[in-house]
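Participant: what's the 3D shape of this:
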Amino acid sequence: MKRYKLLGILAGAAWIVGGCGRASAPAPAPPGGPVEVGVVTVHAERVVLTTELPGRTAAYLVAEVRPQVNGLIQERTFVEGSTVQKGALLYQIDPAPYEAAHEQSKAALAVAEAAVPPLKLRVERLKELVAIRAVGQQDYDEASAALLKAEASVASAKAAVESARINLAYTPLRAPISGRTGKSTVTPGALVTAYQQTPLVTIQQLNPIYVDVTQSSSDLLRLRRNLESGKLTRSGPVESKVKLLLEDGTPYSREGALQFRDVTVDPATGSVVLRMVFPNPDAMLLPGMFVRAIVEEGVLERAILAPQQGVTRDAKGNASAMVVDPAGKVSVRPIATDRAIGDRWLVTSGLADGDQVIVQGLQRIQPGAAVKAVPFVPAAASTPQPAAAAPAK
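Facilitator: Numbers count the residues shown, from 1 in each chain. Okay, here's the model as predicted:
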């Protein structure tokens, strides 16, 4: 009997303990209620539109130095890769044969000039004698012809002297432009020929320097239509400023200017060439480098930029965004986007100033559902900074 009483007491204690445990469990949250979502309110803002175009650098001026007379190179007066000024001596061709030819031509001119005075006096005497019929007309005509021939010989000799002088002046080869020299193809002692195919050296002016980029003709037409319709406006003069990205992605420290657009479309690529000019005092830009030019297209005075995490696309690529309407419910807006600007899309239609775009909690909502909109705080901004460690005692 005592055993049964003990079992009953233990069972009652267990029931009391179990009941107390069930009463302390938390009650489930009541169903329903608006879901909290993070939103970004979009506003119309002024945006400068730019486009990034690939291209290559080209020297501002290029001169290939070739000899204009035959001869032997006596000396080279420049260092390969150095900068030379316009008119500086580069090579010296042996001038001795051309000096001799110049002196010979001057002597021939002196002989031709010496023959003119006697003939001129004879013509004057015969002219008087013909007037009194002392000599025949034929004698006078022959003397006049001889004088004209002598004068023509003088003119020919003068031309020969000038030609010899020009050839002698071509023996020193001077820099036609200021710039940096390349590799020399000849050394002293080499024999060169006039107007040979291979240049002796190439000089390139690198400051300033050209940047040639390509732009599709369709983009050019779209830009022109937007400017004519007033959607875009110019923020400055026609020669807008251009920025440059180098091959490794770093920005070039100096701005350039758009010089011109080509008037011919390449039929193979459907693109036109844009030429820009950049200052290059440190010669950081070398001809042939691959670069990317950031060209300013125009300004949108009231642009709508939507965060990229709030824009979704269907299987066909159509973009849409979920917004919170004035009634506090989810609404789906089909939108049209133009381009990405940073971490946002430029929206051309579908959103208006003041719309609340949902960017957080998209997986928990459906169109038409009531939500509670709270301003979205990026994770980097909402993460608290770790406290500094206390100094050791």
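Participant: And the helices in the stretch 101-250 of the chain?
Facilitator: 116-131, 137-169, 217-229 (DSSP state H, counting those that start in this stretch).
Participant: what angle do the longest one and helix 116-131 make?
Facilitator: Counting by axes from the mean of the first three to the mean of the last three Cα atoms, to 10 degrees, helix 137-169 lies at 160 degrees to helix 116-131.
Participant: Return the member of the helices of the stretch 101-250 of the chain having the minimum mean pLDDT.
Facilitator: Mean pLDDT across those is lowest at helix 217-229; the value there is a mean of 70.
Participant: what separates the residue nearest the centre of the chain from residue 217, distance-wise?
Facilitator: Nearest residue to the geometric centre of the chain (Cα atoms, centre = their mean): residue 211, 3.8 Å. Using Cβ to Cβ, to the nearest Å, residue 211 is found at 20 Å from residue 217. All C-beta spots, glycine's among them, are computed from the backbone N, C-alpha and C.
Participant: Could you list the buried residues of whichever strand or helix holds residue 63?
Facilitator: Element membership for residue 63, per DSSP states H and E: strand 44-65. Neighbour counts over strand 44-65 (16 or more other Cβ atoms under 10 Å) mark 47, 49, 50, 53, 55, 57, 58, 59, 60, 63, 65 as buried.
Participant: from those residues, which is closest to residue 363?
Facilitator: Set against residue 363, the nearest of these by Cβ to Cβ is residue 47 (30.8 Å).
Participant: which regions of the stretch 251-393 of the chain lie under the pLDDT threshold?
Facilitator: 380-393 (pLDDT under 70).
Participant: circling back to that earlier point, can you tell me which of the helices of the stretch 101-250 of the chain comes nearest to residue 362?
Facilitator: helix 217-229 (32.1 Å).
Participant: what's the neighbour count on residue 252?
Facilitator: Neighbourhood size, residue 252 [other Cβ atoms under 10 Å]: 20.
Participant: For it, which non-adjacent residue is spatially closest?
Facilitator: The shortest distance from residue 252 to any non-neighbouring residue, by Cβ to Cβ, 6 or more residues apart in numbering, is to residue 244 (3.9 Å).
Participant: how much space between that neighbour and residue 341?
Facilitator: 19 Å.
Participant: Which one's more surrounded, these two?
Facilitator: The neighbour comparison of residue 244 against residue 341 (other Cβ under 10 Å) goes to residue 244, with 22 against 15.
Participant: and stretch 304-313, how far apart are its ends?
Facilitator: Stretch 304-313 has an end-to-end distance of 18 Å (criterion: Cα to Cα, to the nearest Å).
Participant: Residues contacting that stretch from elsewhere in the structure, which ones?
Facilitator: With Cβ atoms under 8 Å, 6 or more residues apart in numbering as the test, stretch 304-313 has contacts from 40, 42, 44-45, 47, 319-322, 335, 337, 340-341, 343-347, 351-353, 357-359, 362, 376.
Participant: Mind listing what's buried along that stretch?
Facilitator: For stretch 304-313, the buried set under the neighbour-count rule, 16+ other Cβ under 10 Å, comprises 304, 305, 306, 307, 309, 310, 311.
Participant: for the closest residue to residue 200 other than its chain neighbours, what are its contacts?
Facilitator: The shortest distance from residue 200 to any non-neighbouring residue, by Cβ to Cβ, 6+ apart, is to residue 65 (5.0 Å). Listed by Cβ under 8 Å, 6+ apart, the contact set of residue 65 reads 90, 91, 173, 175, 176, 199, 200, 201, 202, 203.
Participant: Could you give me the ChimeraX syntax to select whichever of the residues you listed are buried?
Facilitator: To isolate the buried ones among those in ChimeraX, judged by 16+ other Cβ under 10 Å, type:
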select :90,91,173,175,199,200,201,202,203
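Participant: From the contacts of residue 65, pick the one nearest residue 270.
Facilitator: Among the contacts of residue 65, and counting by Cβ to Cβ, the member closest to residue 270 is residue 202, at 33.0 Å.
Participant: What's the per-residue pLDDT of that closest one here?
Facilitator: 96.
Participant: Name the nearest residue to it, sequence neighbours excluded.
Facilitator: Closest to residue 202 by Cβ to Cβ, 6+ apart is residue 182, at 4.5 Å.
Participant: do residue 218 as well
Facilitator: Nearest non-adjacent residue to residue 218 (Cβ to Cβ, 6+ apart): residue 270, at 7.4 Å.
Participant: Tell me how far that neighbour lies from residue 141.
Facilitator: 75 Å.
Participant: Can you flag the buried ones in the contacts of stretch 304-313?
Facilitator: 40, 42, 47, 319, 321-322, 335, 337, 344-347, 351, 357-359, 376.
Participant: taking the residues you listed one by one, which sit in strands?
Facilitator: Using DSSP state E, 40, 47, 319, 321-322, 335, 337, 344-347, 357-359 are the members of those that sit in strands.
Participant: Residue 275: which of those residues is nearest?
Facilitator: residue 47 (26.5 Å).
Participant: Is that closest one in contact with residue 300, as I believe?
Facilitator: Yes. Using Cβ atoms under 8 Å, residue 47 is in contact with residue 300, at 4.8 Å.
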